[in-house]
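Chemist: Return a 3D structure for these sequence lines:
(one chain, ligands or ions: 1)
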Amino acid sequence: MISISRGIIRVENSGKILSLDADGRMIYYNDGIYTYRRSLMNDVIRINQRHGRRVKILNNNEKRIIINEFYDILNNINEPSLPKINDGYKFLINESMRLLNIYHGTIPIVPPDRYHSLYIRITYGCPWNKCTFCSLYKNINYNINRYLDAEIEMLNDYFKRSLESRTGIFLGDANAIGINKNVLFKSIEKIKSYFNMPFYSFSDSFTSPLNTNNDDLLRLKGYGFKMIYIGLESASYKVLKFFNKSLNLDVTEKYINAIKDAGINIGLIIMDIKGSLYKSHVNETSKFIKSLNLDKNDILYISKLIPGFELREHAYYNGIDLKGNQKSIENFIETNARVSKYNIKEALY
Ligand code: SF4
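Modeler: Residues are numbered from 1 along each chain as shown. All right, here's what the predicted structure looks like:
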């Protein structure tokens with residue numbers, strides 16, 4: 001069975017399900033056991049739904065096998081509406097290289113429900129860039145993207161037949177809306193002259209509130225902003241100090257309320273932390289989340305803390321233990337927002 005809708009081709013064949021964009025690029029493949037999602041940068045993520053959604057990023061050899069299997073099935077279906085791509089693996093490598101050139105590098109991260117956005121980088125990096133657990137933008141200076149106009153045109157060409165498969169525009173990187181508002185609004189207007197989709201973006205709740213007022217947020221809503229994602233991580237000042245996250249809870253609450261009042265939804269990210277900070281983290285964070293006026297259009301993401309070398313070292317020198325068998329913070333959260341897991345491993349564009 002073949003269906004083509006909104007820039008996506010879906011094929012069901014002998015218990016296997018294939019989905020690709022109208023430019024021929026693999027999106028999903030279900031072989032009857034596993035689901036494989038291909039990111040635009042050509043990572044293939046194997047998802048095992050039967051065992052609590054276990055996730056594995058395939059190595060190059062495994063990736064080649066799966067991609068070739070996908071295009072072999074496709075090429076053997078006698079249906080003129082389906083693209084015929086001879087060397088699928090090579091084709092996808094070339095496609096990801098094209099994208100890498102357009103963006104001048106990789107895309108560090110997107111929220112879990114934004115994999116299928118059109119990522120448009122209007123800024124590089126993060127204005128803070130000092131959190132001890134985060135190495136996403138370490139070598140990048142926070143700056144506006146001088147190549148924006150050219151990138152928009154190239155992206156328009158890249159998604160020539162499959163633009164409809166993109167479910168919105170994600171403005172990158174870590175804090176696109178924190179820049180000078182004249183630059184921001186001009187960039188959004190430029191983007192809107194090419195693409196007609198809702199907007200999404202990360203923000204922080206300590207640098208952005210300094211230069212983003214209620215009128216700015218209303219204007220963003222007017223442009224079609226649907227959701228702003230904020231990394232709260234914790235409402236415990238002990239934890240925030242350990243993370244070197246310069247966040248004030250009163251300012252955060254006011255900023256969240258202002259975003260909600262403007263009619264934009266919130267995606268709030270908190271961490272699942274174990275060990276010696278657990279008690280303070282769970283008590284303070286669950287209390288703070290409960291006090292927020294979140295509703296069913298908002299999403300609370302729970303992201304497992306995966307300490308890298310630097311954080312483990314920082315913990316060691318500060319006498320903090322990051323291991324423990326405690327229950328997930330999810331068990332203590334009371335909110336009207338939807339609650340979802342944020343697996344950073346899967347957050348690939
Ligand atoms: S504010 Fe966000 S992006 Fe910036 S360093 Fe902290 S966690 Fe990383």
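
Chemist: ok, and what's touching the least confident helix or strand in the chain by mean pLDDT?
Modeler: Lowest by mean pLDDT, DSSP states H and E among the helices and strands of the chain is strand 54-57, with a mean of 89. Strand 54-57 has contacts (CB atoms under 8 Å, 6 or more residues apart in numbering) with 43-48, 343, 345-346, 348. Where C-beta positions appear, they are placed from N, C-alpha and C, glycine not excepted.

Chemist: now, which of those sits nearest Glu79?
Modeler: Val44 (24.5 Å; CB to CB).

Chemist: isn't that closest one right up against Tyr36?
Modeler: Yes. The pair Val44 and Tyr36 passes the contact test of CB atoms under 8 Å, sitting 5.4 Å apart.

Chemist: Phi first, then psi, for Asp21.
Modeler: Dihedral pair for Asp21: phi -80, psi 170, per degrees, to the nearest 10.

Chemist: residues in contact with it?
Modeler: 7-9, 27, 159, 161-162, 165.

Chemist: Looking at these, state which has the most neighbours.
Modeler: In terms of neighbours by other CB atoms under 10 Å, those top out with Ile9 at 23 neighbours.

Chemist: a helix runs through that one, doesn't it?
Modeler: No. If the criterion is DSSP: H, G, I helix; E, B strand; the rest coil, then Ile9 is strand and not within a helix.

Chemist: bridging residues for it?
Modeler: For Ile9, the beta-bridge partners under DSSP bridges are Ile4, Leu20.

Chemist: tally of neighbours for the closest residue to the ligand within the stretch 151-300 of the chain?
Modeler: Nearest residue of the stretch 151-300 of the chain to the ligand (CB to the nearest ligand atom) works out as Ala174 at 3.8 Å. When counting by other CB under 10 Å, one arrives at 25 neighbours for Ala174.

Chemist: can I see the domain layout of the protein?
Modeler: 2-86, 107-346 (automatic domain parsing).

Chemist: Single out the most deeply packed of the ones you listed.
Modeler: Neighbour counts (mean count of other CB atoms under 10 Å) averaged over each of those peak at domain 107-346, with a mean of 18.

Chemist: and that one, how far out from the chain's middle?
Modeler: 9 Å (CA atoms, centre = their mean, to the nearest Å).

Chemist: And it, end to end?
Modeler: End-to-end span of domain 107-346 (CA to CA, to the nearest Å): 13 Å.

Chemist: cool, and stretch 78-90?
Modeler: End-to-end for stretch 78-90, by CA to CA: 22 Å.

Chemist: so which helix or strand takes in the most centrally placed residue in the chain?
Modeler: Nearest to the mean C-alpha position of the chain, counting by CA atoms, centre = their mean, stands Val110 at 1.6 Å. Assigned by DSSP states H and E, Val110 falls within no helix or strand.

Chemist: Which pLDDT does the model give it?
Modeler: pLDDT, Val110: 93.

Chemist: repeat for Gly308
Modeler: 89.

Chemist: Show the contacting residues for it.
Modeler: 133, 135.

Chemist: Quick check: it vs the ligand, distance?
Modeler: Per CB to the nearest ligand atom, to the nearest Å, Gly308 is found 12 Å from the ligand.

Chemist: Please apply the same query to Asn42.
Modeler: For Asn42, the distance to the ligand - CB to the nearest ligand atom - is 24 Å.

Chemist: Could you verify that that residue is part of a strand?
Modeler: No. Under the criterion used here (three-state DSSP), Asn42 is coil, not part of a strand.

Chemist: Just list the residues touching the closest residue to it other than its chain neighbours, thanks.
Modeler: Sequence neighbours aside, Ser96 is the residue nearest to Asn42 in space, at 3.6 Å (criterion: CB to CB, 6 or more residues apart in numbering). Ser96 makes contact with 40-42, according to CB under 8 Å, 6+ apart.

Chemist: for Ser96, phi and psi?
Modeler: Dihedral angles for Ser96 - degrees, to the nearest 10 - are phi -70, psi -30.

Chemist: got it, and Asn141?
Modeler: The phi/psi pair for Asn141 (degrees, to the nearest 10) is phi -80, psi 130.

Chemist: Help me confirm that it comes into contact with Tyr124.
Modeler: Yes. With contact defined as CB under 8 Å, Asn141 counts as touching Tyr124 (6.9 Å).

Chemist: Show me which residues of the stretch 1-150 of the chain sit near the ligand.
Modeler: For the stretch 1-150 of the chain, the residues in contact with the ligand (CB under 6 Å from any ligand atom) are 126, 128-131, 134, 136-137.
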